[in-house]
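>>> below is the structure, and that's it, no one-letter string:
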């Protein structure tokens, strides 16, 4: 992928190996805006929050950001007051080197929990990181934020706002510990649009609900999940304030495209995953019940291992829906693999029809539809199978 494809006016990027990771790969990244950018953020709902999440949640209240420093290989989570002090110190070093306000620098970390940041390596690496800043440094930053990812996750979109061409470029990391309300994921989105912070925040929350909050790999929620959106206004169009006009709708639509693409990339790269699966529940009494049933299926280890083994074990799907707590009549449920029925009115279709449905789950991507036939509400989520490699990766993550 060419870094030029992700250029955004006024933004600079870099990524270097600072010795945080054991393998010597890039592990320290920086995003810098030539001018202060309006900023929005969405963070983990986990009660155990990493130090940089605590810091960023406080700082984005100011509405502006000019730099984000990111490290991989160390989560700086469960590190107490020392961890918060270290995160603050890192942003101070960056601010001093760039000649900007410390409060305009945000921090993100990802990696092993419970280990203090290697501050000597961070301090030594930051001047090199800043010297490496370039409008073409996009992919270096992307590489620096990766942990167990097997490929970079990037997306770009453009649109016109008030006659000016606007670019949105996004990057993400995440391959495991993924569930709704975000994931063990970081995502950074930059744009040269000029959108005031309150509206920018509203847009990001709404978009995250339809993208990053619609994926699950293993039902775990991390301590470090963060999505940051920076808008520096350098496209030159007049600002969009609180009014949701056509231009605002056009921008939000493109932002959603970027975030949905990044979210699906994380599912495709799920640790050890061999399949991308959409779980769609329809015919529920209300949206909450549709959501509850969908996640019961998507999180079920029995369902996910059956998909890995390409076993059309529809009984596990009914069992997961049955213990989800939603109101239903088991004798009314229909289940489809793509468009092929495998359960009708709570009973397997049997014979050749079941065999044909079983062929569907041999594909790398397919859709499971559960029709409760109780109402009109529906909800869908994307998930993966659960493989032997997932266990291997997570059994030795710290070694």
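Right, received. Where do you want to start? All values derive from a computational prediction rather than experimental measurement.

>>> show me where the stretch 1-150 of the chain has its helices.
Assigned by DSSP state H, counting those that start in this stretch, the stretch 1-150 of the chain shows helices spanning 51-59, 80-98, 119-131, 138-144.

>>> so which of the ones you listed is the most packed in?
helix 138-144 (a mean of 24; mean count of other Cβ atoms under 10 Å). Where you see a C-beta, it was placed from the backbone N, CA and C, and this is true even at glycine.

>>> which neighbouring elements make contact with that helix?
In this structure, helix 138-144 makes packing contacts with strand 11-16, strand 28-43, strand 64-74, strand 153-161, strand 164-173, judged by 3 or more Cβ pairs under 8 Å, 6 or more residues apart in numbering; DSSP states H and E.

>>> tell me which of the helices of the stretch 1-150 of the chain sits nearest to residue 342.
With Cβ to Cβ, the closest approach to residue 342 among the helices of the stretch 1-150 of the chain belongs to helix 138-144: 40.0 Å.

>>> how far does the closest one sit from its chain's centre?
16 Å (Cα atoms, centre = their mean, to the nearest Å).

>>> quick revisit: could I get the helices and strands packed on helix 138-144 as JSON lines with mean neighbour count, distance to residue 200 and mean pLDDT?
Below are the helices and strands packed on helix 138-144 laid out as JSON lines (neighbours: other Cβ atoms under 10 Å; distance: least, Cβ to Cβ, whole Å; pLDDT from 0 to 100):
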{"stretch": "strand 11-16", "mean neighbour count": "24", "distance to residue 200": "16", "mean pLDDT": "98"}
{"stretch": "strand 28-43", "mean neighbour count": "23", "distance to residue 200": "4", "mean pLDDT": "97"}
{"stretch": "strand 64-74", "mean neighbour count": "25", "distance to residue 200": "11", "mean pLDDT": "96"}
{"stretch": "strand 153-161", "mean neighbour count": "19", "distance to residue 200": "13", "mean pLDDT": "96"}
{"stretch": "strand 164-173", "mean neighbour count": "23", "distance to residue 200": "12", "mean pLDDT": "97"}
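
>>> of all the ones you listed, which one is nearest residue 284?
Once the helices and strands packed on helix 138-144 are compared by Cβ to Cβ, strand 28-43 is nearest, at 26.2 Å.

>>> quick one: the strands in this structure, in order.
Remark: strands assigned in the chain by DSSP state E are 11-16, 28-43, 64-74, 105-112, 153-161, 164-173, 186-191, 226-231, 276-284, 334-337, 340-344, 347-348, 365-371, 377-384.

>>> longest helix of this protein?
helix 246-268 (DSSP state H).

>>> would JSON lines of the helices of the stretch 1-150 of the chain with mean pLDDT and distance to residue 310 be doable?
Conversion of the helices of the stretch 1-150 of the chain to JSON lines gives the following (pLDDT from 0 to 100; distance: least, Cβ to Cβ, whole Å):
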{"stretch": "helix 51-59", "mean pLDDT": "96", "distance to residue 310": "39"}
{"stretch": "helix 80-98", "mean pLDDT": "97", "distance to residue 310": "44"}
{"stretch": "helix 119-131", "mean pLDDT": "97", "distance to residue 310": "45"}
{"stretch": "helix 138-144", "mean pLDDT": "97", "distance to residue 310": "33"}
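
>>> please convert those to TSV, extending it with distance to residue 370.
Shown next, in TSV, are the helices of the stretch 1-150 of the chain (distance: least, Cβ to Cβ, whole Å):
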stretch	distance to residue 370
helix 51-59	35
helix 80-98	43
helix 119-131	48
helix 138-144	36
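
>>> and these: which comes nearest residue 210?
Of the helices of the stretch 1-150 of the chain, nearest to residue 210 by Cβ to Cβ is helix 51-59, at 22.1 Å.

>>> angle of that closest one against strand 64-74?
170 degrees (axes from the mean of the first three to the mean of the last three Cα atoms, to 10 degrees).

>>> mind listing what residue 289 touches?
326-327, 372, 377 (Cβ atoms under 8 Å, 6 or more residues apart in numbering).

>>> again, only this time at 10 Å
281, 324-328, 372, 374-375, 377, 379 (Cβ atoms under 10 Å, 6 or more residues apart in numbering).

>>> and if you look at residue 117?
Residue 117 neighbours (Cβ under 10 Å, 6+ apart): 20, 51-52, 71, 73-76, 79, 82-83, 85-87, 89-90, 107, 109, 111.

>>> what's the closest non-adjacent residue to it?
The shortest distance from residue 117 to any non-neighbouring residue, by Cβ to Cβ, 6 or more residues apart in numbering, is to residue 86 (4.6 Å).
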